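S.K.: pasted the sequence and its predicted model underneath.
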Amino acid sequence: MPSVHVCSLPLLESTATASGASHLVTIVDVGTPVRRPSVIPADRHLFLGFHDMTIAGPGVRLPAEHHIRTLLDFVREDWDRMRPLLVHCYAGISRSTAAAFITVCASSPDRDEAEIAACLRRSSPTAFPNPLMVSIADRMLGRGGRMSAAIAGIGEGVAGVDSTPFSLPLRA
C-alpha cells in the first residue's frame, strides 16, 4: 500500500534507506545544507525552501501558494506511488507533517479530513502541521475549511525538539 513517510533532517539518510522511498520532498529554510540520500535519484527530489512560520516578518519567507502547488504537482505527476514518498523538514514536526497531511488529502479526495488528521496524531504525538500550509492547500483542493478544522482538532501535540519517523497510508 502506498504511504508517506516523515522524518527530521538528522534521520533523513537512515529513514530513506529503511522506508524504501522512491521520491523525496525536502522542506527547509533556504540555505540549510541538505545531502540527498544516495538511494533517491536527483530527479525524484523536490526541494521547497521557506520558513516554518505563519506570520510575515523581516526576512521571513512564508509558505505560499506556489510552494503548495509545486508540492501537489510533484505528488500527483512525479511520484508513481509504487514505493513510499519520504517528506522531511528540519525537525519532522511542522512543515513535513503538513506536507504529509496535504499529500494524503490530495491523493484520497473522498477520505475524511478528520480521519486523516486523527491517523496523523496516532502516528506522531509530536506532529504540529504548519497551519498556513494546510490552509493554502485546503483552499486549493476545495476542501471548504475541513482540512484546517481537522488539524486544529488534533491540537499542537506533545512538545518536542524533533520527532520519531512515522508513516501515513494513502488509504484508510
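M.R.: Received the coordinates, thanks. Note that the coordinates shown come from a computational prediction; the quantities given were computed from them, not determined experimentally. Residues are numbered from 1 along each chain as shown.
S.K.: where's the residue nearest the centre of the chain, which helix or strand?
M.R.: By C-alpha atoms, centre = their mean, the chain has its centre lying nearest to residue 99, at 2.2 Å. For residue 99, the host element (DSSP states H and E) is helix 95-107.
S.K.: residues in contact with the very next helix or strand once past that helix?
M.R.: The helix or strand immediately downstream of helix 95-107 is helix 113-123, counting by DSSP H and E. For helix 113-123, contacts defined as C-beta atoms under 8 Å, 6 or more residues apart in numbering pick out 97, 100-101, 104-105, 108, 127, 129, 143, 146-147, 149-151, 153-155, 157, 166-169, 172. C-betas here are computed from N, CA, C, even on glycine.
S.K.: buried ones among those?
M.R.: 97, 100-101, 104-105, 108, 127, 129, 143, 146-147, 150-151, 154, 157, 166-168 (16 or more other C-beta atoms under 10 Å).
S.K.: sort out for me which of the contacts of helix 113-123 are in helices.
M.R.: Filtering the contacts of helix 113-123 for membership in helices, criterion DSSP state H, returns 97, 100-101, 104-105, 146-147, 149-151, 153-154.
S.K.: dump the residues you listed to TSV, plus distance to residue 40.
M.R.: TSV is the format used below for these (distance: C-beta to C-beta, whole Å):
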residue	distance to residue 40
97	20
100	17
101	22
104	20
105	24
146	32
147	27
149	34
150	30
151	28
153	33
154	29
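S.K.: and of the residues you listed, the nearest to residue 80?
M.R.: residue 104 (16.4 Å; C-beta to C-beta).
S.K.: show me what contacts the closest one?
M.R.: Residue 104 touches 4, 111, 116, 168-170, counting by C-beta under 8 Å, 6+ apart.
S.K.: repeat the analysis, applying 10 Å as the threshold.
M.R.: 2-4, 75, 111, 113, 116-117, 119-120, 168-172 (C-beta atoms under 10 Å, 6 or more residues apart in numbering).
S.K.: repeat for residue 126
M.R.: 8, 91-94, 97, 156-164, 166.
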